[in-house]
Structure formats: structure tokens, C-alpha cells
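Chemist: Let me see the structure of the following:
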Amino acid sequence: MAFAALPPELRSLCRRLTSTKVEQLPALLPSLLKDLQRCQEPLSRPQEAKTSESSPESAVLVHRLKTQITSLLNSRNAQGRFVGAALVKAVVETGGWECLRASEQWVRGLLSVLQRKDPAVVKDLCIVTLVKIYTLMHAYPTLVREIVTPTLPTFATACLQILKPPASSKAIRIPNNLIETVFEAFSVMIPLYPTTLRQSAAKVRAETRSYLAPTISDGAIIPVSLQASSRSLVVRLHMTAAKGGDSTEWAKHLDGLVKSFHSTADQVFRAVQENWESVSGHLSGHTSQNVDFDAEPRGGSASPDQLPPWTGVYAGSERMIGLLHFIAEYIRSRTKTSVSIPASAIVDIVTRISSIMPPVPGKEKSGPAFMNAAVGREEKDELWTVFPDIQVAAMKLLFILTRRLGGNFVPVAQASLEQILRMFESSYRLPEIRTVTFLLINEILHLCGPTITKPSVESLSLVVKTCCRDILGSAGHLKRPKQSATALQDGLKMKSIVQNADAFLNNKAEDEFITVSLDAKHVSAAKELLTTLFSHVPQQHIPSSLRAHMLRTAILCRNRDAQVASVLHPSRDRSGRTPQVILPYLTQQFPHDESVEILRFNFRPLTTGPRDDIMDVEEASIEGEPETNPLSNGFSFGRSFEPTPLKSQDALAPATEPTKVPENSMRTTETMKAPNPFLSKPLPETTIRSEERTTIVQPPSLINSLKRKNDEADITVSKRIEIDTAKAGISSPPVPAARPDVTPDPPSQAPDVTDKVKAGQEAAEESSDNESVHLNMELDSDEEENDDNDGSEEEEA
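Modeler: As a prediction, the model looks like this:
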């Protein structure tokens with residue numbers, strides 16, 4: 001279906017561009033762009049170079065629109081050039097190839113605007129428009145040869161000219177957002193046209209030098225987004241190398257970053273006597289620098305090939321963190337050719353940082369043995385202040401390496417887990433450390449969690465408790481910490497310090513719950529880790545108290561994924577029983593969830609135990625679970641499906657003619673009732689003094705018991721009932737209740753127990769022909785007595 005050949009927006013657009021003053025066009029730009037996007041049909045049609053009187057109206061309007069845009073680009077007013085650049089970008093995106101092939105004049109106009117002394121916002125929009133045009137032309141080799149190749153070097157030169165610092169100090173400094181736009185433009189263009197931009201690669205590397213790993217020694221504040229864009233650009237510069245040398249250039253520059261990091265660490269970590277050594281052999285040529293303890297730590301160089309100089313522990317830590325992020329960008333970014341990732345060198349970096357343990361609070365006076373006595377106390381304090389930030393950067397680097405290598409990270413996963421736990425133990429008070437630890441351990445457990453050993457699982461207890469605490473705190477279920485009595489006594493001794501008088505009152509404020517404000521990414525990482533702890537860790541290795549704490553956290557915070565994982569991966573005790581079943585809580589919280597419905601109809605806690613182990617789940621359920629009495633014919637958790645026994649009146653009543661029912665409803669009635677006349681219960685008013693020993697073997701399901709008599713040979717499990725009765729006597733025989741279909745026995749003839757059993761057997765055989773029962777009864781003596789009684793009655797008759 002074709003759209004309208006001439007949309008009304010095109011005519012309105014041309015009219016407004018003609019009748020509106022240039023100074024007022026920026027205010028109308030949103031509506032102009034909206035109307036222009038609705039003119040795709042006439043803009044994408046083939047157009048003549050020149051229009052005539054016989055040309056259609058749509059072609060005339062399109063030609064008029066392009067002429068107006070060209071005049072705006074050449075306008076003397078900055079507002080007109082800004083609107084012209086925005087309209088060019090919208091036209092080439094909407095019109096496609098027909099507008100691209102006629103955009104050479106616009107490209108040259110945009111390059112001229114870029115070289116003028118226009119405001120930064122105009123240059124920013126010109127760069128974005130040019131990059132969009134070059135990107136769209138990459139799919140058309142003819143347009144690349146005719147437009148891109150001649151104009152792209154001019155574009156690169158104009159961008160580099162913007163990055164140069166002003167010659168005069170009075171000149172306006174280039175805003176950071178414009179510099180970031182230039183870096184992003186080069187990052188997009190280098191993979192598309194590496195050969196054309198090869199001559200500008202060295203100049204681009206030199207311009208990005210001060211933005212890669214800035215420090216406080218530089219005297220300028222560099223935004224994080226600008227640092228990231230500069231690193232991404234430098235990583236892509238290896239694509240401009242000669243054919244076949246891009247992978248070599250990539251590895252060479254990454255190796256230089258690793259060596260620069262260790263050189264900086266030699267200065268920053270000089271207060272610590274390190275016992276770390278590289279085990280990979282990657283840094284065999286690296287030697288520790290001669291540290292001058294009389295001067296402050298320093299590094300860097302004024303050479304264009306090196307990073308700027310720095311001085312002090314704070315500046316050195318910022319340089320180390322910047323280098324770690326730079327190395328991570330190399331691992332994260334894609335390359336056109338295959339490269340070898342130096343995983344051993346990265347593991348060495350993490351090993352060196354994790355081998356340093358900060359002093360324990362309260363024991364600083366004793367002085368650890370690994371500290372260097374030649375370094376002053378101020379420098380040591382500065383080191384322990386910045387050290388957690390270095391740990392966070394190292395763990396982020398390891399996380400990116402884990403995501404990049406995937407299953408190839410398994411050989412070093414166990415060693416990396418130990419390093420993570422060592423760093424976490426020293427700095428878990430910081431939310432940043434906890435967030436990256438949750439993410440990293442989650443990735444490692446997905447790789448090798450099912451094969452983890454019990455000692456490794458027990459070492460995760462601190463991480464698990466911290467994870468649960470953060471989840472509870474974010475949901476408002478964290479109890480307010482209580483103030484100890486010793487702290488109150490210490491407060492009484494220090495009379496010069498103002499104390500909180502409310503802390504001495506015995507109110508219930510301590511029992512209140514508090515809410516901890518955490519980042520959304522932090523809470524999400526904690527919830528994902530809790531789910532992984534249930535699904536990818538052997539549950540038999542987790543202590544029962546710790547798992548109960550995890551279950552409580554998942555239930556209180558309504559974490560569906562964690563609860564489902566705990567049900568699918570239950571914990572078993574030594575006898576194979578499942579002591580904790582939270583499926584009732586899960587179904588109550590998420591009654592309409594599909595996965596929960598599947599579990600509710602298919603999960604059986606009884607099947608998790610050993611064979612012939614009838615487990616009462618309610619006794620082993622978690623504390624506080626409401627007691628429920630499930631229906632006899634419904635689903636019940638932890639109980640076997642038992643047939644409904646007959647009432648006592650039915651078992652003791654004599655057999656009569658059964659009532660005829662339709663054949664279609666007979667099977668349904670048998671399936672629902674499953675009668676068994678031998679499982680009778682005495683009436684409350686009946687007193688029968690007898691000793692019975694009953695052994696009942698029932699089939700595992702009702703399906704096996706509903707066999708026809710002709711299929712007796714196929715029945716694998718039969719129903720055997722052995723009754724040993726030692727009749728002591730019957731006192732006060734009761735009179736059964738009147739029934740419409742049963743004739744009561746006369747009072748003088750009280751049937752004994754054996755006759756009642758026979759009557760029940762005959763009634764069961766006559767009422768259904770779909771049930772087969774084998775009876776082995778030891779009632780020989782009773783049958784002989786019955787035969788004698790029958791004979792005497794016949795003689796009297």
C-alpha cells in the first residue's frame with residue numbers, strides 16, 4: 001500500500017521556512033523536524049536535477065526544500081546555520097539514497113561551518129550530522145568514492161583543530177562535551193574508514209594523552225564520560241595499522257599499559273613490603289624502580305608517548321585506577337582480527353593487589369610486620385584511604401575478563417575466588433566493594449558453582465550474610481541495631497560529650513525496622529547472587545542455619561526467582577529428607593505466576609527423600625508456617641494419596657442388592673470412592689473387646705487397583721489382608737441406624753465378626769466388576785462353626 005504522494009506537511013514546511021525569520025527558526029525546530037519525518041515518500045523518490053513547469057508538485061516542493069536548507073547553511077547568522085545542520089541530518093535519514101547522492105554540497109557546507117568560529121553547539125551539531133552522512137554512505141561504494149574519500153581528511157583536520165588548546169589564555173576554553181563529541185566521532189569513523197584516517201592516527205593519540213588517566217596533578221577536572229570516550233578511541237587506533245599489523249599493535253600497546261601500571265604501583269605501594277612475584281613470566285623484563293623515600297611518590301613523563309607526570313599518593317592512585325579502566329576497555333572492546341588476551345598478566349595485577357591486607361581496626365598501634373619503617377605515618381594513612389578504590393578497580397577488571405573469556409576462565413576461577421574473598425573481607429563495609437563482589441561471584445558461580453568444594457562454600461558465608469543484609473535493608477526488613485550496655489557506660493564516663501538522652505529510655509524504638517538506601521544496581525546484584533546461591537551451589541555444603549537465613553530473606557523480600565530456585569534445589573539432611581519447604585509461601589505470594597503454578601502441580605516434597613520414607617513435611621517446615629488440612633482427594637504436600645475409607649455402618653451392615661447405576665458413571669464413582677470394606681472403624685457406642693493384627697499392603701496408586709478380573713495375571717501388586725482375631729466377647733450389641741435400602745437384622749440374631757467380613761466381601765464383589773481382591777484369610781475355625789449352625793437350622797426346618 002502506497003502512502004500519499006504529496007503529504008500536507010511538505011507544503012506547510014516549505015511555507016514556514018520561507019515566511020519565518022531566521023532568528024525565530026530555532027524555536028520552531030522541533031515541529032519542523034516532526035513534519036519533515038512525515039515526508040518520506042516524496043523525499044525518497046527519484047528527483048530531476050532541475051525542475052520545469054511540467055514537473056509534479058511534489059518534485060517542485062522537494063527542490064524548494066533543498067534550496068532553502070542550502071541557504072540556511074550559508075547564512076550569516078549562527079541560528080540559521082544551526083537550523084540548517086539539523087534539517088540536513090533529518091533529510092538524509094528520511095530520504096535515504098536519493099538524498100545522500102545529492103548531499104555533496106551539504107557536506108562541504110557543513111565542513112565550512114565546522115572551520116568557522118561558531119558557538120560550540122553549532123560545531124557539535126555539524127560533527128554529528130557529518131558522521132551520520134558518512135555512516136550511511138558506507139553501504140554505497142560509489143558514494144564513498146565520490147564524496148567520502150575526498151572530504152573525510154578535511155573533516156579529520158577540522159576536528160583536530162578543535163582539540164588544540166587556545167593560543168591565548170584569554171581565549172574561551174573548549175567545552176568538554178565538544179571534545180567528547182570529537183572523540184566519539186573518531187571512534188565511529190575509524191572502524192569504517194581505517195585507511196583514510198591512518199595519517200591522522202598519531203595526532204589523535206597525542207591529543208587524547210591528557211584524558212586517558214587524569215590525576216589531580218593535572219590541575220583539571222575531566223568527566224568520567226570523557227575519559228571513557230578517549231579510552232575507547234585509543235583502543236580503536238590499532239585498526240589504522242598496516243595490513244596484518246593491527247593485532248600486533250593491539251598487543252604491544254596493552255603490554256605497555258601493564259608495565260606502566262606496575263611501575264606506578266612500585267611508587268604508590270612503597271609503604272608496604274610486598275612479597276608478590278609474577279608467576280606468569282609476562283613481566284620478566286620488568287624491574288622495580290629505585291624508590292627515593294626522601295621525596296614524594298612520583299611518576300609519568302612529559303614525553304608525548306607517555307602519560308602526564310604525577311606526584312603524591314592520591315595522584316598515583318588515580319593513575320593506577322585509570323590504567324586499570326584502560327586495560328578493561330581493551331578487554332571489553334571488539335577487534336576486527338583475532339588477538340591473544342594476556343589473561344596471566346591481568347591475573348598477576350589482581351594477585352598483587354589482593355596480596356596487600358590493610359591493618360585491622362583497633363590494632364594499628366601494634367604495627368604489622370609487612371609495613372616499611374622508612375615511610376611516614378601520613379603516607380601510610382593516605383595509602384589505606386585510597387586502597388579500597390584500587391581494589392574496586394581491580395575487581396571490575398577481573399569481572400570484565402570473566403565475561404569476556406566465559407568458560408575459558410574456569411582454570412583460574414578458584415584462585416580468583418580466593419583473591420576476591422580476601423579483598424572483600426578487608427573492605428566489605430563499602431557499598432562499591434559489595435556491589436562488584438556480588439557481580440563477580442555471581443559470574444564465577446555460574447561457571448564452576450556446581451563443582452565447588454565444601455570449604456569454598458563455607459568461605460562464602462560472609463558474602464552471603466552481607467548479601468542478605470543488603471536485600472533486607474533495601475526492603476525495610478532490617479532491624480535497628482541495639483546499643484550495647486558497655487557503650488552506654490562509656491558514654492556516662494565521658495561527661496564532656498553530649499549524649500543522646502533517648503538512648504537511655506526503655507522504649508520499643510530498638511525493635512523498629514529501618515530502610516537502607518542502596519543503589520538499584522547494588523540491590524539487583526544482591527538478588528541475582530541470592531538466586532545463584534540456590535541454583536548453582538551444592539546445597540548439602542551450605543550450613544542449615546545459613547540456608548534458613550537465605551530462605552527468610554527471599555520470603556520477606558518477595559524474591560520470586562530465589563524462592564523458585566530453592567524449591568527446585570532443596571536441601572537434604574543425612575537421611576535424605578527435605579527439612580525446609582517454602583512452596584506454600586511461594587504460592588501465596590505469587591498465585592498467578594506461571595512458573596509457580598507449574599511447581600504447585602508437579603512438585604512433590606515426598607519424592608526428595610529415600611524410598612519407603614514417609615516424611616511429615618509440616619513438622620520440618622520453617623518456623624511460622626500456618627497449619628492446613630488439605631482435602632482427602634486434593635493435592636497435599638508431604639502426604640500420600642489415600643483412598644477414602646467406608647463408614648462403620650457400611651462395613652458392619654449385611655450385603656443387599658446394589659442399586660443399579662449407569663455404566664458411564666460407574667467408573668467415575670469407583671475412582672472417586674475407591675471402596676474397601678475391610679478398612680472399617682467401629683462406631684463410638686460399640687464396644688468390641690478383641691485383639692486384631694492387621695497387615696495391609698496397598699498398591700502405590702489407584703490406577704493399579706482398578707483392574708478387571710480378566711487381567712489378574714497382569715497385576716503386579718495385590719491387596720493382601722491378614723486378620724488374626726481372638727474374640728474375647730461382645731457386650732451390648734448396638735442396633736444399626738435405619739437405612740432405606742438395607743433391612744436390619746433381628747435382635748435375636750447378632751452376626752459375629754466373621755459373618756460381617758463375608759458380607760462385606762460379597763457386597764464388594766457384586767457392586768463392581770472392575771476390582772480384583774485376593775484374600776488369604778485364616779478363618780477356618782470360624783467357617784466350620786458356621787457350617788454346623790447352618791446344618792442344624794435346616795434340620796429344624
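
Chemist: For the closest residue to V291 other than its chain neighbours, grab phi and psi.
Modeler: Spatially, and ignoring its direct neighbours in sequence, V291 is nearest to R270 (4.7 Å; CB to CB, 6 or more residues apart in numbering). C-beta coordinates here come from the backbone N, C-alpha and C atoms, glycine included. Main-chain dihedrals, R270, degrees, to the nearest 10: phi -70, psi -20.

Chemist: R270 against G376, yeah?
Modeler: No. With contact defined as CB atoms under 8 Å, R270 and G376 do not form a contacting pair (11.3 Å).

Chemist: More neighbours: those two, which one.
Modeler: Set R270 next to G376 and count neighbours by other CB atoms under 10 Å: R270 wins out with 22 against 11.

Chemist: contacting residues for that one?
Modeler: 291, 293, 297, 372, 375 (CB atoms under 8 Å, 6 or more residues apart in numbering).

Chemist: Please verify my assumption that the last one contacts F293.
Modeler: Yes. Here V375 lies in contact with F293, judged by CB under 8 Å, at a distance of 6.5 Å.

Chemist: Settle it for me: which of those two has more neighbours?
Modeler: Neighbours per residue, other CB under 10 Å: of V375 and F293, the larger number sits with V375, 16 against 13.

Chemist: tell me the SS of that one?
Modeler: coil (DSSP: H, G, I helix; E, B strand; the rest coil).

Chemist: how near is the nearest residue to it once chain neighbours are set aside to S71?
Modeler: Closest residue to V375 apart from its sequence neighbours, by CB to CB, 6+ apart: A271 at 4.0 Å. Taking CB to CB, to the nearest Å as the measure, A271 falls 67 Å from S71.

Chemist: quick one, what contacts F370?
Modeler: F370 neighbours (CB under 8 Å, 6+ apart): 272-275.

Chemist: gap between it and P297?
Modeler: 18 Å.

Chemist: next one: D246
Modeler: Taking CB to CB, one finds D246 at 36 Å from P297.

Chemist: neighbour-wise, which of the two wins?
Modeler: Neighbour count, other CB under 10 Å: between D246 and P297, P297 has more, with 26 against 19.

Chemist: Verify the stated contact: that one with G312.
Modeler: Yes. Counting by CB under 8 Å, P297 does reach G312; the two are 6.5 Å apart.

Chemist: Mind jotting down where the helices sit in the stretch 451-600 of the chain?
Modeler: 454-459, 461-475, 485-493, 520-535, 544-556, 560-568, 583-589, 594-602 (DSSP state H, counting those that start in this stretch).

Chemist: most surrounded residue in the contacts of F370?
Modeler: Ranked by neighbour count under the definition other CB under 10 Å, these are headed by V272 with 21 neighbours.

Chemist: which stretches of the stretch 301-450 of the chain have low pLDDT?
Modeler: Applying pLDDT under 70 to the stretch 301-450 of the chain flags the ranges 361-369.

Chemist: roughly how far apart are the residue nearest to V234 when sequence neighbours are not counted and I346?
Modeler: Nearest non-adjacent residue to V234, counting by CB to CB, 6+ apart: T208, 5.5 Å away. Applying CB to CB, the value for T208 to I346 is 23 Å.

Chemist: for F399, same thing?
Modeler: Per CB to CB, F399 is found 11 Å from I346.

Chemist: Looking at these two now, which is surrounded by more residues?
Modeler: Legend: neighbour count by other CB under 10 Å for F399 and I346, higher for I346 (25 against 20).

Chemist: Am I right that the residue nearest to V375 is in contact with K380?
Modeler: Yes. Using CB under 8 Å, A271 is in contact with K380, at 4.9 Å.

Chemist: The two: who's more crowded?
Modeler: Between A271 and K380, A271 has the larger neighbour count (other CB under 10 Å), namely 23 against 18.

Chemist: if I pick that one, what's in contact with it?
Modeler: 371-372, 375, 379-380, 383.

Chemist: Please apply the same query to L192.
Modeler: 134-135, 138.

Chemist: among those, who's most crowded?
Modeler: Busiest of the contacts of L192 [other CB under 10 Å] is Y134, holding 23 neighbours.

Chemist: Next one: the residue nearest to V291, what pLDDT does it get?
Modeler: The score at R270 is 91. That number is its pLDDT.

Chemist: now do the one 4 residues further on
Modeler: On the pLDDT scale, E274 is placed at 85.

Chemist: in this structure, which helix or strand is least confident?
Modeler: helix 617-620 (a mean of 37; mean pLDDT, DSSP states H and E).

Chemist: What about the closest residue to L237 other than its chain neighbours, how many residues nearby?
Modeler: Spatial nearest neighbour of L237, excluding adjacent residues (CB to CB, 6+ apart): A201 at 5.2 Å. A201 has 21 neighbouring residues, counting by other CB under 10 Å.

Chemist: doesn't A201 fall inside a strand?
Modeler: No. Assignment of A201 by three-state DSSP gives helix, placing it outside any strand.

Chemist: wait, isn't it in contact with T240?
Modeler: Yes. If you go by CB under 8 Å, A201 and T240 touch, sitting 4.3 Å apart.

Chemist: returning to what we had before: tell me which of the helices of the stretch 451-600 of the chain lies nearest to L28.
Modeler: The closest of the helices of the stretch 451-600 of the chain to L28 is helix 520-535. By CB to CB, the value is 38.5 Å.

Chemist: From the contacts of L192, which land in helices?
Modeler: Taking DSSP state H, the ones among the contacts of L192 that sit in helices are 134-135.

Chemist: From T151, how far out is the residue nearest to L237?
Modeler: Distance from A201 to T151, by CB to CB: 19 Å.

Chemist: Not counting its neighbours along the chain, what's nearest W384?
Modeler: Counting by CB to CB, 6+ apart, the residue nearest W384 is P358, at 5.2 Å.

Chemist: how about the one you found, what does it touch?
Modeler: 384, 387, 426-427.

Chemist: Mind checking what secondary structure it has?
Modeler: When classified by three-state DSSP, P358 comes out as coil.

Chemist: With adjacent residues omitted, what lies nearest to G96?
Modeler: S44 (5.1 Å).

Chemist: repeat for T437
Modeler: If the residues on either side of it in the chain are set aside, T437 comes closest to F424, at 4.8 Å by CB to CB, 6+ apart.

Chemist: just checking, that neighbour is part of a helix?
Modeler: Yes. Counting by three-state DSSP, one finds F424 located in a helix.

Chemist: That one: neighbour count?
Modeler: Neighbour tally, F424, other CB under 10 Å: 24.

Chemist: tell me the contacts of it?
Modeler: Shown in contact with F424 (CB under 8 Å, 6+ apart): 433-434, 437, 462-463.

Chemist: again with T240
Modeler: By CB under 8 Å, 6+ apart, T240 lies in contact with 190, 194-195, 197-198, 201.

Chemist: What of V350?
Modeler: 394-395, 397-398, 416, 419.

Chemist: again, but for I341
Modeler: Going by CB under 8 Å, 6+ apart, the list of residues near I341 reads 331, 401, 404-405.

Chemist: Return the distance of it relative to F399.
Modeler: 15 Å.

Chemist: Would you indicate which residues of stretch 372-379 are buried?
Modeler: 375, 379 (16 or more other CB atoms under 10 Å).

Chemist: quick one: contacts of that stretch?
Modeler: 270-273, 293, 297, 313.

Chemist: So which of those sit within helices?
Modeler: Under the assignment DSSP H, the contacts of stretch 372-379 contribute V313 to helices.

Chemist: So for P309, what's the nearest residue that isn't a sequence neighbour?
Modeler: G300 (3.6 Å).

Chemist: For that neighbour, what are phi and psi?
Modeler: As for G300, its main-chain torsions (degrees, to the nearest 10) stand at phi 80, psi -180.
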